[in-house]
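Participant: have a look at this fold, sequence not included:
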C-alpha cells in the first residue's frame, strides 16, 4: 500500500473568462484531484480583492482543496497549475498529522 499524506492547495483563478470560465476551471481541477487522490473538501472562497496587482488584475476567485494523496501527485498538480492559463497563483501545503 502506498504511503499517503494530507495536503491542501489554494488557487486563484483569473476573472477574465467570466463566471462560466471560473467554474469550468474549478471543475477541471476538482476532477483532476479526484482522479489522482482522495478529495476531502472543496471550499470556494469566491471573488476577493488581491493584495497587489497580478497580470494587471485586482481581483481573483479563490478556491481551497483538501485532499489525501501519495507524495508524487502534488508535484504534478503544481506543474498543471503553472502551465494552465487562467490560474493566477497557487500554493500546495502538506498538512501536519494530527
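Facilitator: That came through fine. As the structure is a computational prediction, the values presented were derived from the model and not from experiment.
Participant: now do the SS call for residue 12.
Facilitator: Following DSSP: H, G, I helix; E, B strand; the rest coil, we place residue 12 in the strand state.
Participant: report the buried residues of the helix ranked longest in the chain.
Facilitator: Determined from DSSP state H, the single longest helix within the chain is helix 18-36. Going by neighbour count (16 or more other C-beta atoms under 10 Å), the buried part of helix 18-36 is 22, 25, 26, 29, 32, 33, 36. Quick note: C-beta positions are derived from backbone N, CA and C, even for glycine.
Participant: spatially nearest residue to the last one, not counting backbone neighbours?
Facilitator: Counting by C-beta to C-beta, 6 or more residues apart in numbering, residue 73 is the residue found nearest to residue 36 once chain neighbours are left out, at 4.9 Å.
Participant: residues in contact with the helix or strand containing residue 61?
Facilitator: Per DSSP states H and E: residue 61 is located in strand 57-69. For strand 57-69, the external contacting residues (C-beta atoms under 8 Å, 6 or more residues apart in numbering) are 4-16, 22, 26, 29-30, 33, 36-50, 54, 88-89.
Participant: which among the residues you listed count as buried?
Facilitator: 6-9, 11-15, 22, 26, 29, 33, 36-37, 39, 42, 88.
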